[in-house]
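Participant: sequence first, predicted model second:
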Amino acid sequence: MSEPGPESVPTSADPRSKRPTKRRAVTPHSEVAHQIETLFKDPSKDLHLPTPAKPRTVANLSAPPEIVTNVQGSSAGAGSGEFHVYKASRRREYERLRLMQEEVDQEKNNAQWEKEREEARRRDAEKTEKNRKRREKKKSKGKKGGGGGNGGEPMDTAPTKDVPAPGSMVPAEANDGDATDGPVAVQEVPGVIIHDED
């Protein structure tokens, strides 16, 4: 068995080698980690953030040419470079038309949204006004003395004369209507009882 010698060490890892170490493929995580490390090396250094790209509009694009020179007819023999010139000009024109259509669609959507918002505001204002009038009417009826103590409609609350609350215990009436001297029987008033859970 031979002992591991310097020839078994990769050339790039050999400290005697003058070649730079091999760069491995970086993952997005390691790339971001490296950027953060470089930022923290000198915290006093100013950061230069790139300016956000302006949205492309028809105004940003160059206008189509007024005069097209050197136009080749269909029968002329076009060179190999003319195809790429044609494709570039067609791409620019399609981009210009697409941006114009996007602007028209955006304006239409904005107008529709404004219309819907105004409609919703109008409906809300009408409902608020209707409720305000109803409250004022209710309040004015309560001040005049009509409609009960709480100022509501006469039929808003059930009559409470001699009617026990549901679930309460009341003395049972005797069959004959005469009072008994013995212990009074108690019965529960039927109804729904809602218990709050703690």
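Facilitator: Sure, I can see it. Quantities reported herein were computed from a predicted structural model and do not represent experimental measurements. Numbers count the residues shown, from 1 in each chain.

Participant: from residue 60, how far out is residue 53?
Facilitator: Residue 53 sits 11 Å away from residue 60, going by Cβ to Cβ, to the nearest Å. Placement of C-beta: from N, CA and C, glycine included.

Participant: scratch that, residue 66 is what I was asking about
Facilitator: For residue 66, the distance to residue 60 (Cβ to Cβ) stands at 19 Å.

Participant: more neighbours: which of these two?
Facilitator: Just comparing residue 66 and residue 60: by other Cβ atoms under 10 Å the higher neighbour count belongs to residue 60, 9 against 5.

Participant: what's the local residue count around the residue lying closest to that one once chain neighbours are set aside?
Facilitator: For residue 60, ignoring the flanking residues on the chain, the nearest one in space by Cβ to Cβ, 6 or more residues apart in numbering is residue 54 at 6.9 Å. Using other Cβ under 10 Å as the criterion, residue 54 is surrounded by 7 other residues.

Participant: was I right to think residue 54 contacts residue 61?
Facilitator: No: between residue 54 and residue 61 there is no contact, the gap being 11.9 Å when judged by Cβ atoms under 8 Å.

Participant: next, residue 65: secondary structure please.
Facilitator: Reducing the assignment at residue 65 to three states with DSSP: H, G, I helix; E, B strand; the rest coil gives coil.

Participant: now the one 4 residues further on
Facilitator: Following three-state DSSP, the label given to residue 69 is coil.

Participant: now it: how far from residue 62?
Facilitator: When distance is defined by Cβ to Cβ, residue 69 is 16 Å away from residue 62.

Participant: could you do residue 89 as well?
Facilitator: Residue 89 sits 11 Å away from residue 62, going by Cβ to Cβ.

Participant: more neighbours: which of these two?
Facilitator: For residue 89 against residue 62, the residue with the higher neighbour count under other Cβ under 10 Å is residue 89, and the figures read 13 against 7.

Participant: SS state for residue 50?
Facilitator: Classification of residue 50 into helix, strand or coil gives coil, according to three-state DSSP.

Participant: wait, is residue 32 part of a helix?
Facilitator: Yes: with three-state DSSP as the criterion, residue 32 is assigned to a helix.

Participant: how many other residues sit next to it?
Facilitator: 11.

Participant: which pLDDT does the model give it?
Facilitator: If you check residue 32, the pLDDT there is 91.
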